[in-house]
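Undergrad: this is a predicted model, with the sequence first.
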Amino acid sequence: MPHRIKPFVVFLIITIFTAGILSLAPIATAVAQEEEQERPLSDFEALKSSFEEAYKAGDYTKAIAIGKEMNGIIEPRHWETLYNIGCAYAKAGEKGKAYEYLQKAIDANYMYAHGLMTDEDLESLRGENRFKQLVRAAWKNGYVWILERDERAEYQQLPRVMETLRLKKGERVADIGCGTGYFTIPVAKTVGPEGRVLAIDASQDMLDYLERRLTAEQLENVELKKVGRDDPELPAGGIELILMVDTFHYIKERTEYGRKLRAGLAPGGRLAVIDFRPKPWEERPWGPPPEQKMSKEELTVDLEKAGFKLIEDHDFLTEQFFIVYEAE
Ligand SMILES: C[S@@+](CC[C@H](N)C(=O)[O-])C[C@H]1O[C@@H](n2cnc3c(N)ncnc32)[C@H](O)[C@@H]1O
(Lines give C-alpha, C1' and ligand atoms only; values in the text may rest on other atoms or scores of the structure.)
Protein backbone atom coordinates (compact mmCIF):
# COMPACT_ATOMS: atom_id res chain seq x y z
CA MET A 1 0.00 0.00 0.00
CA PRO A 2 1.26 3.49 -0.67
CA HIS A 3 2.42 5.65 2.20
CA ARG A 4 -0.07 8.02 3.82
CA ILE A 5 0.99 11.58 4.39
CA LYS A 6 0.48 12.86 7.91
CA PRO A 7 -0.87 16.44 8.06
CA PHE A 8 1.72 17.71 10.51
CA VAL A 9 4.57 16.42 8.35
CA VAL A 10 2.94 18.14 5.40
CA PHE A 11 2.83 21.39 7.37
CA LEU A 12 6.43 21.04 8.50
CA ILE A 13 7.70 20.28 5.03
CA ILE A 14 5.77 23.18 3.54
CA THR A 15 7.23 25.55 6.14
CA ILE A 16 10.81 24.34 5.66
CA PHE A 17 10.57 24.15 1.93
CA THR A 18 8.97 27.57 1.55
CA ALA A 19 11.98 29.03 3.35
CA GLY A 20 14.27 27.04 1.04
CA ILE A 21 12.51 28.30 -2.08
CA LEU A 22 12.71 31.90 -0.98
CA SER A 23 16.45 31.79 -0.52
CA LEU A 24 17.58 29.32 -3.19
CA ALA A 25 15.24 29.13 -6.16
CA PRO A 26 16.77 30.09 -9.49
CA ILE A 27 15.13 33.09 -11.13
CA ALA A 28 14.05 31.04 -14.15
CA THR A 29 11.68 28.92 -12.06
CA ALA A 30 10.63 31.58 -9.58
CA VAL A 31 7.35 32.42 -11.28
CA ALA A 32 6.22 28.81 -11.48
CA GLN A 33 7.16 28.19 -7.85
CA GLU A 34 5.32 31.33 -6.75
CA GLU A 35 2.21 29.91 -8.37
CA GLU A 36 2.77 26.63 -6.51
CA GLN A 37 3.11 28.45 -3.22
CA GLU A 38 -0.18 30.22 -3.78
CA ARG A 39 -2.11 26.96 -3.76
CA PRO A 40 -3.52 26.31 -0.29
CA LEU A 41 -2.96 23.17 1.73
CA SER A 42 -6.66 22.34 1.37
CA ASP A 43 -5.97 21.73 -2.36
CA PHE A 44 -3.42 19.13 -1.37
CA GLU A 45 -5.80 17.45 1.07
CA ALA A 46 -8.54 17.29 -1.58
CA LEU A 47 -6.13 15.84 -4.12
CA LYS A 48 -4.93 13.31 -1.57
CA SER A 49 -8.46 11.92 -1.21
CA SER A 50 -8.80 11.77 -5.00
CA PHE A 51 -5.43 10.03 -5.27
CA GLU A 52 -6.48 7.38 -2.75
CA GLU A 53 -9.84 6.88 -4.47
CA ALA A 54 -8.25 6.46 -7.91
CA TYR A 55 -5.56 4.15 -6.48
CA LYS A 56 -8.09 1.93 -4.69
CA ALA A 57 -10.21 1.79 -7.84
CA GLY A 58 -7.16 0.62 -9.78
CA ASP A 59 -7.14 3.71 -12.00
CA TYR A 60 -3.38 4.14 -11.77
CA THR A 61 -3.12 6.52 -14.72
CA LYS A 62 -5.43 8.94 -12.91
CA ALA A 63 -3.64 8.34 -9.57
CA ILE A 64 -0.28 9.16 -11.20
CA ALA A 65 -1.61 12.41 -12.64
CA ILE A 66 -3.09 13.45 -9.29
CA GLY A 67 0.09 12.40 -7.46
CA LYS A 68 2.20 14.61 -9.72
CA GLU A 69 -0.12 17.53 -9.09
CA MET A 70 0.08 16.92 -5.32
CA ASN A 71 3.83 16.77 -5.54
CA GLY A 72 3.94 20.07 -7.38
CA ILE A 73 1.99 21.74 -4.60
CA ILE A 74 3.83 20.39 -1.66
CA GLU A 75 7.44 19.94 -2.68
CA PRO A 76 9.11 18.61 -5.81
CA ARG A 77 11.31 16.42 -3.64
CA HIS A 78 8.77 15.13 -1.16
CA TRP A 79 9.42 11.43 -0.73
CA GLU A 80 5.98 10.21 0.32
CA THR A 81 4.24 11.46 -2.80
CA LEU A 82 7.14 10.37 -4.99
CA TYR A 83 6.99 6.91 -3.45
CA ASN A 84 3.24 6.70 -4.01
CA ILE A 85 3.61 7.72 -7.65
CA GLY A 86 6.28 5.00 -7.98
CA CYS A 87 3.80 2.45 -6.57
CA ALA A 88 1.11 3.57 -9.00
CA TYR A 89 3.50 3.19 -11.95
CA ALA A 90 4.48 -0.28 -10.71
CA LYS A 91 0.81 -1.28 -10.49
CA ALA A 92 0.22 0.18 -13.96
CA GLY A 93 3.01 -2.03 -15.29
CA GLU A 94 5.31 0.90 -16.19
CA LYS A 95 8.46 -0.39 -14.55
CA GLY A 96 10.86 2.24 -15.91
CA LYS A 97 8.74 5.06 -14.53
CA ALA A 98 8.23 3.17 -11.26
CA TYR A 99 12.01 2.97 -10.80
CA GLU A 100 12.41 6.62 -11.75
CA TYR A 101 9.96 7.75 -9.06
CA LEU A 102 11.18 5.34 -6.39
CA GLN A 103 14.70 6.62 -7.02
CA LYS A 104 13.41 10.19 -6.67
CA ALA A 105 11.81 9.19 -3.35
CA ILE A 106 15.14 7.80 -2.15
CA ASP A 107 16.98 10.93 -3.30
CA ALA A 108 14.43 12.84 -1.23
CA ASN A 109 15.43 10.67 1.76
CA TYR A 110 12.98 7.78 1.71
CA MET A 111 14.51 5.42 4.27
CA TYR A 112 12.21 2.44 4.88
CA ALA A 113 14.04 -0.48 3.32
CA HIS A 114 11.67 -2.89 5.04
CA GLY A 115 8.69 -1.03 3.55
CA LEU A 116 10.14 -1.43 0.06
CA MET A 117 10.79 -5.11 0.61
CA THR A 118 7.30 -5.86 1.89
CA ASP A 119 5.06 -3.47 -0.09
CA GLU A 120 2.83 -5.79 -2.11
CA ASP A 121 2.25 -3.05 -4.69
CA LEU A 122 5.91 -3.37 -5.70
CA GLU A 123 5.70 -7.12 -6.22
CA SER A 124 6.43 -6.81 -9.97
CA LEU A 125 9.86 -5.27 -9.24
CA ARG A 126 11.00 -7.54 -6.44
CA GLY A 127 13.89 -9.83 -7.27
CA GLU A 128 15.31 -7.44 -9.88
CA ASN A 129 18.83 -6.11 -9.31
CA ARG A 130 17.69 -2.53 -9.75
CA PHE A 131 15.14 -3.04 -7.00
CA LYS A 132 17.80 -4.51 -4.68
CA GLN A 133 19.89 -1.38 -5.24
CA LEU A 134 16.93 0.76 -4.23
CA VAL A 135 16.47 -1.27 -1.05
CA ARG A 136 20.14 -0.86 -0.24
CA ALA A 137 19.98 2.90 -0.83
CA ALA A 138 16.89 3.20 1.39
CA TRP A 139 18.65 1.16 4.08
CA LYS A 140 21.62 3.53 3.89
CA ASN A 141 19.32 6.56 4.29
CA GLY A 142 17.84 4.90 7.37
CA TYR A 143 21.25 4.09 8.85
CA VAL A 144 22.45 7.66 8.34
CA TRP A 145 19.27 8.91 9.99
CA ILE A 146 19.79 6.65 13.01
CA LEU A 147 23.35 7.86 13.51
CA GLU A 148 22.62 11.53 12.94
CA ARG A 149 19.14 11.97 14.43
CA ASP A 150 18.66 14.91 16.80
CA GLU A 151 17.74 12.76 19.82
CA ARG A 152 21.18 11.21 19.75
CA ALA A 153 22.70 14.45 21.02
CA GLU A 154 20.87 13.98 24.33
CA TYR A 155 22.39 10.64 25.22
CA GLN A 156 25.65 10.93 23.28
CA GLN A 157 26.93 14.11 25.01
CA LEU A 158 29.49 14.72 22.30
CA PRO A 159 31.13 17.82 23.91
CA ARG A 160 31.66 15.99 27.21
CA VAL A 161 33.02 12.88 25.49
CA MET A 162 35.41 15.02 23.44
CA GLU A 163 36.62 16.81 26.58
CA THR A 164 37.10 13.47 28.38
CA LEU A 165 39.20 12.11 25.50
CA ARG A 166 41.76 14.91 26.12
CA LEU A 167 43.01 14.91 22.55
CA LYS A 168 45.97 17.11 21.68
CA LYS A 169 46.83 19.01 18.52
CA GLY A 170 48.94 16.93 16.18
CA GLU A 171 47.83 13.53 17.48
CA ARG A 172 47.07 10.57 15.21
CA VAL A 173 43.68 9.02 15.83
CA ALA A 174 41.97 5.97 14.30
CA ASP A 175 38.16 6.14 14.37
CA ILE A 176 37.21 2.51 13.72
CA GLY A 177 33.61 2.07 12.55
CA CYS A 178 33.53 5.78 11.74
CA GLY A 179 30.06 5.60 10.12
CA THR A 180 28.82 9.02 9.06
CA GLY A 181 31.65 10.75 10.92
CA TYR A 182 29.73 11.70 14.06
CA PHE A 183 33.03 11.56 15.95
CA THR A 184 35.47 11.75 13.03
CA ILE A 185 34.64 15.38 12.26
CA PRO A 186 35.05 16.81 15.80
CA VAL A 187 38.15 14.66 16.32
CA ALA A 188 39.68 15.95 13.06
CA LYS A 189 38.98 19.53 14.10
CA THR A 190 40.50 18.95 17.54
CA VAL A 191 43.79 17.40 16.38
CA GLY A 192 44.06 20.13 13.75
CA PRO A 193 45.85 20.19 10.40
CA GLU A 194 49.06 18.86 11.90
CA GLY A 195 47.18 15.81 13.28
CA ARG A 196 45.78 12.85 11.28
CA VAL A 197 42.58 10.86 11.54
CA LEU A 198 42.24 7.44 10.01
CA ALA A 199 38.50 6.96 9.41
CA ILE A 200 37.99 3.22 9.10
CA ASP A 201 34.82 1.36 8.20
CA ALA A 202 33.73 -1.94 6.71
CA SER A 203 31.02 -0.17 4.69
CA GLN A 204 31.91 1.72 1.52
CA ASP A 205 28.50 3.44 1.68
CA MET A 206 29.42 5.02 5.01
CA LEU A 207 32.87 6.09 3.75
CA ASP A 208 31.30 7.66 0.64
CA TYR A 209 28.88 9.60 2.84
CA LEU A 210 31.70 10.74 5.11
CA GLU A 211 33.83 11.78 2.14
CA ARG A 212 31.11 14.22 1.06
CA ARG A 213 30.93 15.63 4.59
CA LEU A 214 34.69 16.10 4.75
CA THR A 215 34.63 17.98 1.46
CA ALA A 216 31.82 20.21 2.73
CA GLU A 217 33.73 20.84 5.97
CA GLN A 218 36.99 21.40 4.06
CA LEU A 219 38.82 18.97 6.33
CA GLU A 220 41.99 17.58 4.78
CA ASN A 221 43.50 15.68 7.70
CA VAL A 222 41.26 12.61 7.42
CA GLU A 223 42.16 9.48 5.49
CA LEU A 224 39.32 7.09 4.64
CA LYS A 225 39.98 3.37 4.72
CA LYS A 226 37.69 0.46 3.90
CA VAL A 227 38.60 -2.68 5.82
CA GLY A 228 37.43 -6.25 6.30
CA ARG A 229 35.39 -7.08 9.38
CA ASP A 230 38.16 -8.84 11.31
CA ASP A 231 41.11 -6.51 10.75
CA PRO A 232 41.30 -2.71 11.16
CA GLU A 233 44.60 -2.69 9.17
CA LEU A 234 46.23 -0.09 11.38
CA PRO A 235 49.76 1.14 10.62
CA ALA A 236 52.10 -0.61 13.10
CA GLY A 237 52.73 1.54 16.19
CA GLY A 238 51.30 4.61 14.49
CA ILE A 239 48.24 5.70 16.50
CA GLU A 240 47.97 7.72 19.73
CA LEU A 241 44.22 7.12 20.19
CA ILE A 242 42.03 4.38 18.79
CA LEU A 243 38.36 5.28 19.13
CA MET A 244 35.57 2.75 18.66
CA VAL A 245 32.05 4.06 19.19
CA ASP A 246 29.13 1.61 18.97
CA THR A 247 31.28 -0.70 16.85
CA PHE A 248 33.03 -3.21 19.13
CA HIS A 249 29.79 -5.17 19.58
CA TYR A 250 30.06 -6.14 15.89
CA ILE A 251 33.45 -7.82 16.43
CA LYS A 252 33.24 -11.60 16.70
CA GLU A 253 36.74 -12.55 17.91
CA ARG A 254 37.38 -9.76 20.40
CA THR A 255 40.74 -10.91 21.78
CA GLU A 256 42.14 -11.57 18.32
CA TYR A 257 40.90 -8.17 17.15
CA GLY A 258 42.33 -6.60 20.32
CA ARG A 259 45.81 -7.90 19.44
CA LYS A 260 45.57 -6.12 16.08
CA LEU A 261 44.50 -2.93 17.83
CA ARG A 262 47.36 -3.15 20.28
CA ALA A 263 49.88 -3.56 17.44
CA GLY A 264 48.62 -0.29 15.99
CA LEU A 265 49.14 1.77 19.14
CA ALA A 266 52.10 4.13 19.46
CA PRO A 267 54.01 3.98 22.79
CA GLY A 268 51.71 5.39 25.50
CA GLY A 269 48.73 5.16 23.11
CA ARG A 270 45.15 4.56 24.29
CA LEU A 271 42.09 2.63 23.14
CA ALA A 272 38.75 4.31 23.96
CA VAL A 273 35.59 2.21 23.60
CA ILE A 274 32.05 3.55 23.83
CA ASP A 275 29.35 0.96 23.31
CA PHE A 276 25.80 0.16 24.28
CA ARG A 277 25.15 -1.06 27.81
CA PRO A 278 23.26 -4.33 27.46
CA LYS A 279 19.59 -3.67 28.20
CA PRO A 280 16.51 -5.84 27.66
CA TRP A 281 14.66 -5.13 24.42
CA GLU A 282 11.51 -4.10 26.36
CA GLU A 283 13.51 -1.32 28.04
CA ARG A 284 15.33 -0.13 24.91
CA PRO A 285 13.80 -1.35 21.66
CA TRP A 286 16.80 -0.29 19.55
CA GLY A 287 20.58 -0.84 19.60
CA PRO A 288 22.42 -4.14 19.15
CA PRO A 289 20.39 -7.34 18.79
CA PRO A 290 20.60 -9.83 21.71
CA GLU A 291 23.39 -11.91 20.13
CA GLN A 292 25.64 -8.83 19.84
CA LYS A 293 25.07 -7.42 23.31
CA MET A 294 28.37 -7.04 25.20
CA SER A 295 29.07 -5.73 28.72
CA LYS A 296 32.14 -3.70 29.56
CA GLU A 297 33.23 -6.51 31.90
CA GLU A 298 33.13 -9.09 29.07
CA LEU A 299 35.02 -6.74 26.79
CA THR A 300 37.65 -6.06 29.44
CA VAL A 301 38.28 -9.77 30.06
CA ASP A 302 38.80 -10.30 26.31
CA LEU A 303 41.02 -7.24 25.90
CA GLU A 304 43.17 -8.09 28.92
CA LYS A 305 44.02 -11.34 27.12
CA ALA A 306 45.15 -9.16 24.21
CA GLY A 307 47.51 -7.19 26.48
CA PHE A 308 45.35 -4.19 27.43
CA LYS A 309 44.90 -2.63 30.87
CA LEU A 310 41.78 -0.70 31.86
CA ILE A 311 42.75 2.83 32.93
CA GLU A 312 39.49 4.83 32.88
CA ASP A 313 35.83 3.96 33.37
CA HIS A 314 33.40 6.86 32.82
CA ASP A 315 29.76 6.44 33.70
CA PHE A 316 28.15 9.70 32.61
CA LEU A 317 26.55 8.26 29.46
CA THR A 318 23.08 6.79 30.03
CA GLU A 319 22.95 4.36 27.12
CA GLN A 320 26.60 3.47 26.70
CA PHE A 321 29.65 2.55 28.74
CA PHE A 322 32.79 4.56 28.05
CA ILE A 323 36.09 2.93 28.95
CA VAL A 324 39.72 3.61 28.11
CA TYR A 325 42.59 1.10 27.95
CA GLU A 326 46.31 1.32 27.46
CA ALA A 327 48.79 -1.36 26.43
CA GLU A 328 50.29 -3.25 29.38
C1 LIG B 1 26.60 1.91 14.88
S2 LIG B 1 27.70 2.54 13.67
C3 LIG B 1 28.63 3.73 14.62
C4 LIG B 1 29.26 4.78 13.76
C5 LIG B 1 30.03 5.86 14.48
N6 LIG B 1 31.13 5.32 15.25
C7 LIG B 1 29.12 6.68 15.37
O8 LIG B 1 29.31 6.66 16.58
O9 LIG B 1 28.23 7.35 14.84
C10 LIG B 1 28.85 1.22 13.44
C11 LIG B 1 29.73 1.41 12.24
O12 LIG B 1 30.72 0.39 12.28
C13 LIG B 1 30.88 -0.18 11.00
N14 LIG B 1 31.36 -1.54 11.24
C15 LIG B 1 30.66 -2.61 11.66
N16 LIG B 1 31.47 -3.66 11.82
C17 LIG B 1 32.71 -3.25 11.49
C18 LIG B 1 33.98 -3.88 11.47
N19 LIG B 1 34.12 -5.16 11.82
N20 LIG B 1 35.06 -3.15 11.08
C21 LIG B 1 34.92 -1.86 10.72
N22 LIG B 1 33.74 -1.21 10.73
C23 LIG B 1 32.64 -1.90 11.13
C24 LIG B 1 29.52 -0.07 10.36
O25 LIG B 1 29.61 -0.09 8.95
C26 LIG B 1 29.05 1.28 10.91
O27 LIG B 1 29.42 2.34 10.08
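TA: Yes, it's here. Numbers count the residues shown, from 1 in each chain.

Undergrad: and the pLDDT at residue 1?
TA: Per-residue confidence (pLDDT) for residue 1: 55.

Undergrad: show me which residues of the one helix or strand residue 323 maps to are buried.
TA: For residue 323, the element it lies in under DSSP states H and E is strand 320-327. For strand 320-327, the neighbour count (16 or more other C-beta atoms under 10 Å) marks 320-325, 327 as buried. (C-beta placed from N, C-alpha, C; glycine too.)

Undergrad: what about that strand and the ligand, any contact?
TA: No. With C-beta under 6 Å from any ligand atom as the criterion, the ligand is not reached by strand 320-327; the gap is at least 9.5 Å.

Undergrad: list the contacts of that strand.
TA: Outside strand 320-327, the residues that touch it by C-beta atoms under 8 Å, 6 or more residues apart in numbering are 155-156, 161, 164, 246, 262, 265, 268-277, 295-296, 299-300, 303, 307-316.

Undergrad: related to what we said a few turns ago, just put the buried residues of strand 320-327 in a markdown table and tack on pLDDT and distance to residue 116.
TA: Below are these laid out as a markdown table (pLDDT from 0 to 100; distance: C-beta to C-beta, whole Å):
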| residue | pLDDT | distance to residue 116 |
| --- | --- | --- |
| 320 | 96 | 31 |
| 321 | 98 | 35 |
| 322 | 98 | 36 |
| 323 | 98 | 39 |
| 324 | 98 | 41 |
| 325 | 98 | 41 |
| 327 | 95 | 46 |
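
Undergrad: quick one: which of those residues is nearest to the ligand?
TA: residue 320 (9.5 Å; C-beta to the nearest ligand atom).

Undergrad: name whatever forms a beta bridge with the closest one.
TA: residue 276 (DSSP bridges).

Undergrad: against residue 118, how distant is it?
TA: 32 Å (C-beta to C-beta, to the nearest Å).

Undergrad: please apply the same query to residue 58.
TA: Taken as C-beta to C-beta, the span from residue 58 to residue 118 is 21 Å.

Undergrad: for the buried ones among the contacts of strand 320-327, write the corresponding PyMOL selection.
TA: Written as a PyMOL command, the selection of buried residues from those, which uses 16+ other C-beta under 10 Å, is:
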select buried, resi 156+161+164+246+262+265+269+270+271+272+273+274+275+276+277+296+299+300+303+307+308
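
Undergrad: report how many residues lie close to residue 226.
TA: 13 (other C-beta atoms under 10 Å).

Undergrad: please renumber the chain so that the first residue is 378 from this point on.
TA: Got it, first residue is 378 now, which makes that one residue 603.

Undergrad: ok, the buried residues of strand 697-704 vs residue 598, which is closest?
TA: Closest approach between the buried residues of strand 697-704 and residue 598, by C-beta to C-beta: residue 701, at 22.7 Å.

Undergrad: all the helices of this protein, residue numbers only.
TA: With DSSP state H as the criterion, the chain has helices at 384-401, 404-415, 418-433, 437-451, 456-468, 472-484, 490-495, 506-525, 529-533, 535-542, 561-568, 581-594, 631-641, 673-682.

Undergrad: report the buried residues of stretch 580-591.
TA: 583-584, 586-587, 591.

Undergrad: ok, and of the residues you listed, which contact the ligand?
TA: Within the buried residues of stretch 580-591, those near the ligand by C-beta under 6 Å from any ligand atom are residue 583.

Undergrad: name the nearest of the buried residues of stretch 580-591 relative to the ligand.
TA: Closest to the ligand, out of all of the buried residues of stretch 580-591 and judged by C-beta to the nearest ligand atom, is residue 583, at 4.2 Å.

Undergrad: tell me how far that closest one lies from residue 643.
TA: For residue 583 relative to residue 643 (C-beta to C-beta), the value is 26 Å.

Undergrad: got the residues of the stretch 528-677 of the chain near the ligand?
TA: So the stretch 528-677 of the chain meets the ligand at 553-556, 559-560, 577-580, 583, 604, 606, 622-624, 627-628 (C-beta under 6 Å from any ligand atom).

Undergrad: change it to 5 Å
TA: Remark: the part of the stretch 528-677 of the chain in contact with the ligand comprises 554, 556, 559, 578-580, 583, 606, 622-624, 627, using C-beta under 5 Å from any ligand atom.

Undergrad: mark which of those are buried, thanks.
TA: The buried subset of these - by 16+ other C-beta under 10 Å - is 554, 556, 559, 578-579, 583, 622-624.

Undergrad: so this structure: which segments form each domain?
TA: 384-525, 529-704 (automatic domain parsing).

Undergrad: hey, least reliable of these by pLDDT?
TA: Looking at the domains of the chain, the weakest mean confidence is domain 384-525, a mean of 78.

Undergrad: and residue 437, how far from the ligand?
TA: 38 Å (C-beta to the nearest ligand atom, to the nearest Å).

Undergrad: that'll do, ta.
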